[in-house]
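In: dropping a prediction and its sequence here:
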Amino acid sequence: MRATRCTRSTKKAALAVAATGLLLAGVPAGSFAATARPAVTPASTPAAAPAAACKGSQLTSAGAQRTPSGQVRFTVVNKGGPCELRGFPTVALAGQGSPDRNKPLSVSPQGRAAPVKLAAGGKAVTVLSFTPVLGEADGYCASGADPTVAPSLVVGVAGARFQVGPSDGGEFALCGGSVRASAFR
């Protein structure tokens, strides 16, 4: 039995060497159908073209809704053709009427970002979480720092900036200069 295996292996190796030699010599491999197996061609299916990255000009904001846990759900809607939204948003506290008074926040990405395919009219959501202000009325930060309050946020998505206020008509209040943001989904 061992000799048979060796003989089969030797024959296979000899065929491989011969086929390689013929290919190098320019003889098409299909010319020797009696000694070689026919090539199997997979069914041809057209490859889907990757969706283009979303552009800010084709997105619109559907607002910022507070959740019962104090987070903010920010939603964008695709008003253009199909596209892919990638990554995480940028976030700043609005400058109360003056762009040079915007306060950019450090974004800590939460989770793994994967491209979100948006059809026309499709929506994508990110959830923003802030270090909360404690107490009533004026509130305070556990760190001892003063809370930061702003009537709106500026959320950057795909090169566009959307200024949004909270859905309940209040203000955004947070401690520190950072925000946690989930990947768009």
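Out: That came through fine. Numbering: from 1, shown residues only.
In: direction included, what does the longest strand seen in the chain pair up with?
Out: When the chain is parsed with DSSP state E, its longest strand is strand 172-182. Its sheet considered, strand 172-182 pairs with strand 103-110 (parallel), strand 123-131 (antiparallel), strand 148-150 (antiparallel) by DSSP bridges.
In: and among those strands, the most buried is which?
Out: Mean neighbour count (mean count of other Cβ atoms under 10 Å) peaks for strand 123-131 among these, with a mean of 19. Using the backbone N, CA and C atoms, a C-beta is placed for each residue, glycine as well.
In: quick one: residues in contact with that strand.
Out: Under the criterion Cβ atoms under 8 Å, 6 or more residues apart in numbering, residues 62, 64, 67, 70-78, 85, 88-89, 91, 110, 116, 118, 141, 153, 155, 172-176, 178-185 lie in contact with strand 123-131.
In: before we move on, what about stretch 165-182?
Out: By Cβ under 8 Å, 6+ apart, stretch 165-182 touches 63-66, 72, 88-89, 91, 93, 103, 105-111, 126-134, 139, 141-143, 145, 147-153.
In: run through this structure and note the low-pLDDT ranges.
Out: 1-49, 96-100, 136-137 (pLDDT under 70).
In: how about the nearest residue to residue 112, chain neighbours excluded?
Out: residue 183 (6.5 Å; Cβ to Cβ, 6 or more residues apart in numbering).
In: so that neighbour sits against residue 111, correct?
Out: Yes: with contact defined as Cβ atoms under 8 Å, residue 183 counts as touching residue 111 (4.9 Å).
In: brilliant, that's me finished.
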